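A.B. asks: my questions are about this predicted structure, shown below with the sequence.
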Amino acid sequence: AQKVTQAQTEISVVEKEDVTLDCVYETRDTTYYLFWYKQPPSGELVFLIRRNSFDEQNEISGRYSWNFQKSTSSFNFTITASQVVDSAVYFCALSDGSNQAGTALIFGKGTTLSVSS
Amino acid sequence: DSGVTQTPKHLITATGQRVTLRCSPRSGDLSVYWYQQSLDQGLQFLIQYYNGEERAKGNILERFSAQQFPDLHSELNLSSLELGDSALYFCASSPQRGHYEQYFGPGTRLTVT
């Protein structure tokens, strides 16, 4: 069965600290896709990254970086030098098409990140 | 701005009523997904349409139905509303049938009183 676990419910940091959001997934498929989304206080869901199971290269985009490790079924997200604008709920999601949900996203419960100045 | 539009932004209605939520996908996107976000259930997939046809179903109640029209906009119909249906309903679109990133609309917040 598909499952995404974000064990950290809430994280609080002070500006300029680095912070890592953990994501552990479960799937029986060898082909699957992982995503991160950001939900700021305004409520919309903003796409951050998509990674397929064949590409284990880490990715960096500005202050954001992602570490994908198939051996531990993890897809962790690090924000370097956090800023107040990073305060949001972050969701990790999985899509593998192994069940009737097809290409739909299976979301974790989310991690609420609060960055104070 | 994701390019996905949803109306209305807020909806307040009474138990037993029926409502329709509307979604316009990004220009050129053929796939539309509906998700429900509630405090107890989190973000859950409801249903997907691709180019007018239903493609996948998730945890969608029988009281809920959806359709996608020839111009690719989609509507989610919720009937016999209960207090527990109060939630944020998102529509998302993606260009094709594969496992591509989905772009979400701003959501419709439904409050059932």
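C.D. replies: Sure, I can see it.

A.B. asks: which residues of chain B lie near chain A?
C.D. replies: Taking Cβ under 8 Å from any Cβ of the partner chain as the contact definition, chain B meets chain A at B:2, B:31, B:33, B:35, B:42-45, B:48, B:55-58, B:88, B:90, B:92, B:94, B:97-107, B:109. The C-beta positions use only the backbone N, C-alpha and C, and glycine is treated the same way.

A.B. asks: is it possible to mark the buried ones in those residues?
C.D. replies: Neighbour counting by 16 or more other Cβ atoms under 10 Å in any protein chain shown classes B:2, B:31, B:33, B:35, B:43-45, B:48, B:55-56, B:58, B:88, B:90, B:92, B:94, B:97, B:99-107, B:109 among these as buried.

A.B. asks: contact partners for the nearest residue to A:Glu26 once chain neighbours are set aside?
C.D. replies: Counting by Cβ to Cβ, 6 or more residues apart in numbering or on different chains, A:Glu26 lies nearest to A:Lys3, which is 4.2 Å off, once chain neighbours are set aside. Shown in contact with A:Lys3 (Cβ atoms under 8 Å, 6 or more residues apart in numbering or on different chains): A:25-27, A:94, A:106.

A.B. asks: just B:Gln41 next, same as before
C.D. replies: Contacts of B:Gln41 by Cβ under 8 Å, 6+ apart are B:Ala87.

A.B. asks: state the pLDDT value of the residue nearest to A:Glu26.
C.D. replies: For A:Lys3, the pLDDT comes out at 94.
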